[in-house]
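**Student:** only geometry, no sequence info:
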């Protein structure tokens, strides 16, 4: 299942536009905050799909009948670029446990690249709803690698993948290798360069959020 925020008019479109804007990008705090805001919007939309139970809440004047979330999802992020998006999800699902995955792209002299995963720290994910945050879905290879490893180690009940900007190719790759995953995307771009950069995209989300790396 694919859900795209930009297909409807909402404030999410402004946050996405500011993430792309080369002038606004110079303000790292604003860039991180806009990713965080998107995470909050994604969390709200995902919350509509979760399971609730009727609950009585005592107020100063009586008893209120309401619906409460039955179980909070586990929030996973692919470091380092996913941290602001993860924080936005955590702002809404503030009782959730978190999982952290470190993955990186190793580029060969030929220009080809491989995805390596070197670190995973996670709570028990058996029978849990898991939301994985990765701001850019270019080829989709890193997201698929990380998610497939989690799925092989745990009996995950439901997997959600949250992405700010995705390429059409990346979405097709995820749908092919993670057919049961529910994908949430801010906006979809149709071009992917030979070096796997999304066009128009927004650049390197990790560098824009936290500074360039060597």
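**Tutor:** That came through fine. Since this is a predicted model, take the numbers as computed values, not measurements.

**Student:** could you find the closest non-adjacent residue to residue 122?
**Tutor:** Excluding its sequence neighbours, the residue lying closest to residue 122 (Cβ to Cβ, 6 or more residues apart in numbering) is residue 99, at 3.5 Å. C-beta here means a position set from N, CA and C on the backbone, and glycine is covered the same way.

**Student:** which stretches of the chain form helices?
**Tutor:** Taking DSSP state H to define them, one finds helices in the chain at 12-20, 28-47, 83-92, 141-153, 168-177, 205-210.

**Student:** would you list these in TSV and tack on mean pLDDT and mean neighbour count?
**Tutor:** Below are the helices of the chain laid out as TSV (pLDDT from 0 to 100; neighbours: other Cβ atoms under 10 Å):
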stretch	mean pLDDT	mean neighbour count
helix 12-20	98	18
helix 28-47	98	20
helix 83-92	98	23
helix 141-153	92	18
helix 168-177	97	17
helix 205-210	94	20
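
**Student:** which one is residue 24 nearest to, not counting chain neighbours?
**Tutor:** Using Cβ to Cβ, 6+ apart, the closest residue to residue 24 is residue 18 (4.8 Å).

**Student:** mind checking how far residue 150 is from residue 31?
**Tutor:** 28 Å (Cβ to Cβ, to the nearest Å).

**Student:** residue 12 too?
**Tutor:** Per Cβ to Cβ, residue 12 is found 15 Å from residue 31.

**Student:** please apply the same query to residue 56.
**Tutor:** Applying Cβ to Cβ to residue 56 and residue 31 gives a distance of 43 Å.

**Student:** what's near enough to touch the residue of the chain positioned farthest from its centre?
**Tutor:** Ranked by distance from the centre of the chain (Cα atoms, centre = their mean), the top residue is residue 61, with 40.9 Å. Not one residue lies near residue 61 by Cβ atoms under 8 Å, 6 or more residues apart in numbering.

**Student:** one more: the one 3 residues further on?
**Tutor:** The neighbourhood of residue 64, defined by Cβ under 8 Å, 6+ apart, consists of 56-58.

**Student:** could you dump those into TSV with pLDDT and distance to residue 124 added?
**Tutor:** Output for the contacts of residue 64, formatted as TSV (pLDDT from 0 to 100; distance: Cβ to Cβ, whole Å):
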residue	pLDDT	distance to residue 124
56	97	30
57	97	29
58	97	32
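
**Student:** closest to residue 204 out of those residues?
**Tutor:** residue 57 (45.4 Å; Cβ to Cβ).

**Student:** identify the residue nearest that closest one in space, chain neighbours excluded?
**Tutor:** In space, residue 57 is closest to residue 64, 4.8 Å off (Cβ to Cβ, 6+ apart).

**Student:** same question, residue 153
**Tutor:** Using Cβ to Cβ, 6+ apart, the closest residue to residue 153 is residue 125 (7.6 Å).

**Student:** next: residue 51.
**Tutor:** Here the residue nearest residue 51, using Cβ to Cβ, 6+ apart, is residue 70, at 4.6 Å.

**Student:** what are the buried residues along stretch 52-65?
**Tutor:** With burial defined by 16 or more other Cβ atoms under 10 Å, not one residue of stretch 52-65 is counted as buried.

**Student:** residue 169 against residue 141, yeah?
**Tutor:** No: assessed by Cβ atoms under 8 Å, residue 169 is found out of contact with residue 141, at 10.4 Å.
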